[in-house]
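J.: From the sequence below, what's the structure:
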Amino acid sequence: MKRKEQSKSHFKLENKIIFNNDVKSNFLVEKKIGIIGYGNQGRAQSLNLKDSALEVMVGLRNDSKSIDKIKQDNISYDTIENAVCWADIVSVLVPDKLMPHVYYKYIQLHLKEGQTLLFSHGFNVHYNLIKVPSNINVIMVAPSGGGALVRNKYKEGSGVPSLLAVDQDFTGDSLLLVKSYSKAIGSTRVCSFISTFKEETETDLFGEQVLLTGGIPHIIDKSLKVLIDAGYSPVVAWFVCYYEIKTIIDLFHDKGIEYLYGAISDTAKYGGIKTGKYLMDDDMENKIKSVLKKIQSGEFSKELQNTDISEVNYKSEINSKDKEKINKIFESVFKNK
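T.: Modelled structure (predicted):
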């Protein structure tokens, strides 16, 4: 069951954009931040917070495989329970499916009144898989990129935009907390957007499934198969369907889709617009809407909880011989980058 959206008139989260200058710079200086987990986001955010001169401790299970990495990074660490007891802000950065188990086994019993729980994805809070006591702040800073990107952009002096939200504000300063944390990991160097747990969760899942990890990879793979089955060289098919996609994405990522159509040839413009409308017909739109409805209703969440993710693996439609040729292209093209 998805979480019932709460009314928070004093936050009226109207997609306000936050930049560095909008954030009180020293608000987190006296706060102790416990990071639970040292994976994709955990490591990146821990290092960024540390480099922002904040006090950080990572909480890990005793059998964690991340201990050697943490020692190399010179980050303080302890058990999850001790990190929770020590921290003012507890940032829970373990995988979505594992998070309820970690929360109820290691975190919940050690929470103190006035502490802050921070998430980088609203999934478990929005779908009521984690229920937090009312005397705890519940906030979200959700970077729009993986941990490696969050860390690399920070080191370059830039950042990755984040969506910010407050679900519970027991102490009255939760909005300032999310802004300050966002600044500390580098997000407000670019921009951060005020949102809600509901909006972040549902749009994030939608974007992944319809575009980023669903639609785009599968349409690329299907297009490769069609060209190869029609007798075209796997090398040329790969170049057209895979390599060239980045040049197009860079065009509309920076300046929008209208700019893209003004920057390409007339042939590409005509063929793209006409064929795009043909492919994106009413049937496709209805399928996209059905994906959103499954997310909004909580059906996808239930399905995920009842699925063994280790058994869900991507299988390309390209035969092994052609895949081998394509893999050789990857190696030869990208080893020289």
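
J.: Near residue 19, how many other residues are there?
T.: By the measure other Cβ atoms under 10 Å, the count of residues near residue 19 is 14. Yep, even glycine has a C-beta here, placed from its N, CA and C like the rest.

J.: Name the nearest residue to it, sequence neighbours excluded.
T.: Of all residues not flanking residue 19 in the chain, residue 188 sits nearest, at 5.5 Å (Cβ to Cβ, 6 or more residues apart in numbering).

J.: The one you found and residue 181, how far apart?
T.: 10 Å (Cβ to Cβ, to the nearest Å).

J.: Could you do residue 34 as well?
T.: Using Cβ to Cβ, which is the criterion applied here, residue 34 is 13 Å from residue 181.

J.: Now do the shared contacts for the two.
T.: Common contacts of residue 34 and residue 181, defined by Cβ atoms under 8 Å, 6 or more residues apart in numbering, comprise 89, 91.

J.: Could you list the low-pLDDT ranges of the stretch 1-150 of the chain?
T.: Scanning the stretch 1-150 of the chain for pLDDT under 70 picks out 1-15.

J.: Contacts for stretch 222-237, please.
T.: The contact list for stretch 222-237 (Cβ under 8 Å, 6+ apart) reads 238, 240, 241, 242, 317, 318, 322, 325, 326, 329.

J.: Now with 10 Å, please.
T.: 238-242, 245, 316-319, 321-326, 328-329 (Cβ atoms under 10 Å, 6 or more residues apart in numbering).

J.: picking up where we left off before, give the residues shared as contacts by residue 188 and residue 181.
T.: With Cβ under 10 Å, 6+ apart, residue 188 and residue 181 have common neighbours 23, 162, 164.

J.: Where strands are concerned, which of these count?
T.: 162, 164 (DSSP state E).

J.: got a winner among the shared contacts of residue 188 and residue 181 for most neighbours?
T.: The most crowded member of these, judged by other Cβ under 10 Å, is residue 162 (29 neighbours).

J.: Tell me how far the residue nearest to residue 19 lies from residue 250.
T.: Residue 188 is 24 Å from residue 250, by Cβ to Cβ.

J.: Check whether the residue lying farthest from the centre of the chain sits in a helix, strand or coil.
T.: The centre of the chain is farthest from one residue, residue 231, which by Cα atoms, centre = their mean lies 38.7 Å away. Three-state assignment for residue 231 (DSSP: H, G, I helix; E, B strand; the rest coil): coil.

J.: So for it, what's the pLDDT?
T.: Among the per-residue scores, residue 231 shows a pLDDT of 95.

J.: One more: the one 4 residues further on?
T.: The predicted local distance difference test score for residue 235 is 86.

J.: tell me which element it falls in.
T.: According to DSSP states H and E, residue 235 maps onto helix 234-238.

J.: Return the alpha-carbon coordinates of that helix using CSV.
T.: This file holds the C-alpha atoms of helix 234-238, laid out as CSV (Å, rounded to 0.1, in the frame of the first residue of the first chain):
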residue,chain,number,x,y,z
PRO,A,234,27.0,-6.1,-36.6
VAL,A,235,29.8,-3.5,-36.6
VAL,A,236,27.8,-0.9,-38.5
ALA,A,237,24.5,-1.8,-36.7
TRP,A,238,26.3,-1.2,-33.3
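
J.: right, and the helix or strand after it?
T.: Counting by DSSP H and E, the element after helix 234-238 in chain order, helix or strand, is helix 245-255.

J.: Show me which parts of the helix or strand that that following helix is followed by are buried, residue by residue.
T.: Moving toward the C-terminus from helix 245-255, the next helix or strand (DSSP H and E) is helix 257-262. Neighbour-count burial for helix 257-262 flags residue 260 (criterion: 16 or more other Cβ atoms under 10 Å).

J.: by contact count, what packs against helix 257-262?
T.: Helices and strands touching helix 257-262, by 3 or more Cβ pairs under 10 Å, 6 or more residues apart in numbering; DSSP states H and E, are helix 245-255, helix 266-279.

J.: can you redo those helices as CSV with distance to residue 99?
T.: What follows is these, written out as CSV (distance: least, Cβ to Cβ, whole Å):
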stretch, distance to residue 99
helix 245-255, 31
helix 266-279, 37
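
J.: Deepest in the core, which of these is it.
T.: Of all the helices and strands packed on helix 257-262, helix 245-255 has the most neighbours on average by mean count of other Cβ atoms under 10 Å, namely a mean of 12.

J.: Quick check: residue 120 touching residue 91?
T.: Yes. Contact criterion Cβ atoms under 10 Å: residue 120 and residue 91 qualify, at 7.5 Å.

J.: Looking at the two now, which is surrounded by more residues?
T.: Legend: neighbour count by other Cβ under 10 Å for residue 120 and residue 91, higher for residue 91 (28 against 23).

J.: what's the helix or strand for that one?
T.: Assigned by DSSP H and E, residue 91 falls in strand 89-92.

J.: Kindly report the same for residue 148.
T.: helix 147-155.

J.: Name the residues of that helix that are buried.
T.: Using 16+ other Cβ under 10 Å as the test for burial, helix 147-155 gives 147, 150, 151, 153, 154.
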